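K.L.:
structure for this input, please:
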Amino acid sequence: MTSLIGLAMCSCSITQTVVEAPSRINIPKNALFISQSGTESNVLQTLIDLENNEMVVLTYNHSNLINVTRTGIILNPNDYKHSVVKGTDAPFEEEVEPPKPAIVEEK
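P.N.:
Numbering: from 1, shown residues only. All right, here's what the predicted structure looks like:
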């Protein structure tokens, strides 16, 4: 029984992956995290590079950093320091059939 509980606990554990960017990629060293969004295959994180106040978007596929987009957009970090981070994901709508009209039998 104890091994069953241990197995259940291990399967519920959360793992954390540290992503190391190659040295040739210009990733911000000091940044303010603004938001995170996702698609079916990617996770995108938006940050402010605090060295030059530029908005930067990091794109991850699984645990691999696949793209760093330096937007050239200058933001004021003070506008974002105490804001609540709210993530958004790609819109998903489940197809729902409209209810069928009830059949009323006449007597």
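K.L.:
where do the strands sit along the protein?
P.N.:
Per DSSP state E, the chain carries strands over the ranges 31-38, 43-49, 54-61, 64-74, 88-89.
K.L.:
and the pLDDT for Gly87?
P.N.:
Looking at Gly87, its pLDDT reads 58.
K.L.:
do Thr59 as well
P.N.:
Value for Thr59, per-residue pLDDT: 93.
K.L.:
correct me, but it touches Thr69?
P.N.:
Yes: the criterion here is CB atoms under 8 Å, and Thr59 meets it with Thr69 at 7.2 Å. In this view, the C-beta of every residue, glycine as well, is placed from N, C-alpha and C.
K.L.:
the more surrounded of the two?
P.N.:
Applying other CB atoms under 10 Å to Thr59 and Thr69 shows that Thr59 carries more neighbours, namely 15 against 12.
K.L.:
low-confidence stretches in this structure?
P.N.:
Counting by pLDDT under 70, the low-confidence segments of the chain come to 1-22, 85-95, 107.
K.L.:
out of the strands of the chain, flag the one nearest Glu105.
P.N.:
Within the strands of the chain, the stretch nearest Glu105 is strand 88-89; the backing value is 46.0 Å (CB to CB).
K.L.:
if we can go back for a sec, and among the strands of the chain, the most buried is which?
P.N.:
strand 43-49 (a mean of 20; mean count of other CB atoms under 10 Å).
K.L.:
any idea of the angle that one forms with strand 31-38?
P.N.:
160 degrees (axes from the mean of the first three to the mean of the last three CA atoms, to 10 degrees).
K.L.:
packing partners of strand 43-49?
P.N.:
strand 31-38, strand 54-61 (3 or more CB pairs under 8 Å, 6 or more residues apart in numbering; DSSP states H and E).
K.L.:
got JSON lines for these, with distance to Pro101 too?
P.N.:
Converted to JSON lines, the helices and strands packed on strand 43-49 look like this (distance: least, CB to CB, whole Å):
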{"stretch": "strand 31-38", "distance to Pro101": "39"}
{"stretch": "strand 54-61", "distance to Pro101": "47"}
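K.L.:
among those, which is nearest Ile48?
P.N.:
Between Ile48 and the helices and strands packed on strand 43-49, the shortest gap by CB to CB is with strand 31-38, which sits at 4.5 Å.
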